[in-house]
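> I need the structure of the sequence given here:
(one chain, ligands or ions: 3)
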Amino acid sequence: MKPKIAFFDFASCEGCQLQVVNLEMEIPTLLELVDIVAFREAMTEASDDYAIAFVEGSITRESDIPRLKKIRERATVLVALGACASSGGLNALKNRMGMDTVKNIVYGDKAGRFETFPARPIHAVVPVDVHIPGCPIHKDEFLRVVQALLLGKKPEIPDYPVCVECKLKDNLCVYELGQKCLGPISRAGCGAWCPSNVDACAGCRGFISEPNKNAQTDIMKKYGLTPDMIMKEYRLFNAYTEDSNE
Ligand code: SF4
Ligand code: SF4
Ligand code: SF4
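Ligands and ions are numbered 1, 2, ... in the order given. A predicted model of the protein is given here:
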């Protein structure tokens, strides 16, 4: 019998699920290996009987918690899909603002109808077995994770900097073009996606273990960034991690 997998979403743009839908060439093979039993972005049918749950999105309201716990109870393996789920992502940028202020900005005079609380990654609520970082996830990494899980192995997510992949690709460093790049401290695995397209890495895959922030800060100061600007760079995709000192 094929393993049953399911996809769920919380506060997100659903871009990570879209990356899975975009695996047009690989989906036929994937469907030979697994049964997808729930995937709101791609199918109407839904079942609560699954072994592997891929969860996209941050937890941003009280009512998310029981729903996530139910998913955790049912799944043998829980995978955080993308930055929102694995680190809080962009959603955590609101956390330093008052929640009433946030609601008023978004919903205006209808703010009273909606609930919200500071955004958090799913591991802040339930145990998570695998984190697939990135905003969005990288399609190849998703396939590598599925392959490892089907083989009963722990998926390996790189813990070295984007600069390694960037140098292997012989890219021109974007600092030479006047950009400010977080590649030296950001987690690789995207194939240096942004610098390979002449854009700076903004750290969407989170930071490596023990990032040398002092050296990174010194580089950015040397290239003209003020401490305030540097803090904004660090917090863009990693506000929850930066604020909680995880
Ligand atoms: S990680 Fe990025 S692409 Fe994925 S759901 Fe969140 S905002 Fe969208
Ligand atoms: S462009 Fe960014 S990732 Fe590439 S070498 Fe320079 S600092 Fe590192
Ligand atoms: S280069 Fe940096 S910002 Fe771009 S996809 Fe990779 S980790 Fe994310």
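> Return the set of buried residues in stretch 174-185.
For stretch 174-185, burial by neighbour count (16 or more other C-beta atoms under 10 Å) applies to 174-175, 180-185. Where you see a C-beta, it was placed from the backbone N, CA and C, and this is true even at glycine.
> and what of stretch 124-139?
125-126, 128-138.
> Same check on stretch 232-239?
Those would be 233-239, for stretch 232-239 by 16+ other C-beta under 10 Å.
> cool, and stretch 61-78?
64, 68, 71-72, 75, 77-78.
> Other residues contacting it?
6, 8, 10-11, 48-53, 55, 59, 115-117, 122, 125-130, 149 (C-beta atoms under 8 Å, 6 or more residues apart in numbering).
> Which of the residues you listed are buried, as a PyMOL select command?
Buried residues within the contacts of stretch 61-78, by 16+ other C-beta under 10 Å, are selected in PyMOL with:
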select buried, resi 6+8+10+11+50+51+52+53+55+59+116+122+125+126+128+129+130+149
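> Give me the secondary structure label for the residue of the chain found nearest ligand 2.
Closest contact between the chain and ligand 2, by C-beta to the nearest ligand atom, is at residue 183 (2.3 Å). Following DSSP: H, G, I helix; E, B strand; the rest coil, we place residue 183 in the coil state.
> which of the buried residues of stretch 61-78 lies closest to ligand 1?
residue 64 (14.5 Å).
> What are the boundaries of the strands in this protein?
4-9, 35-39, 52-56, 77-81, 130-132 (DSSP state E).
> Is the longest one positioned near ligand 1?
It refers to strand 4-9. No - for strand 4-9, no contact with ligand 1 is found by C-beta under 6 Å from any ligand atom; the gap never falls below 7.6 Å.
> List the neighbouring strands of that strand plus their orientation.
With DSSP bridges as the criterion, the sheet partners recorded for strand 4-9 are strand 35-39 (parallel), strand 52-56 (parallel).
> The closest residue to residue 143 other than its chain neighbours - how many residues pack around it?
What sits nearest to residue 143 in space, not counting adjacent residues and going by C-beta to C-beta, 6 or more residues apart in numbering, is residue 26, at 6.2 Å. Residues within reach of residue 26, counting by other C-beta atoms under 10 Å, total 15.
> Just the pLDDT at the residue nearest to the spatial centre of the chain, thanks.
By C-alpha atoms, centre = their mean, the chain has its centre lying nearest to residue 83, at 1.4 Å. pLDDT, residue 83: 98.
> Residue numbers of the protein in contact with ligand 2?
Residues of the chain lying near ligand 2 (C-beta under 6 Å from any ligand atom): 162-163, 166-167, 171, 173-175, 181, 183-184, 192, 195, 201.
> Just send these back as a markdown table, with pLDDT and distance to ligand 3 too.
Listed next are these as a markdown table, based on pLDDT from 0 to 100; distance: C-beta to the nearest ligand atom, whole Å:
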| residue | pLDDT | distance to ligand 3 |
| --- | --- | --- |
| 162 | 98 | 5 |
| 163 | 98 | 10 |
| 166 | 98 | 8 |
| 167 | 97 | 13 |
| 171 | 97 | 10 |
| 173 | 97 | 13 |
| 174 | 97 | 10 |
| 175 | 95 | 14 |
| 181 | 97 | 8 |
| 183 | 98 | 7 |
| 184 | 98 | 11 |
| 192 | 97 | 6 |
| 195 | 98 | 6 |
| 201 | 98 | 3 |
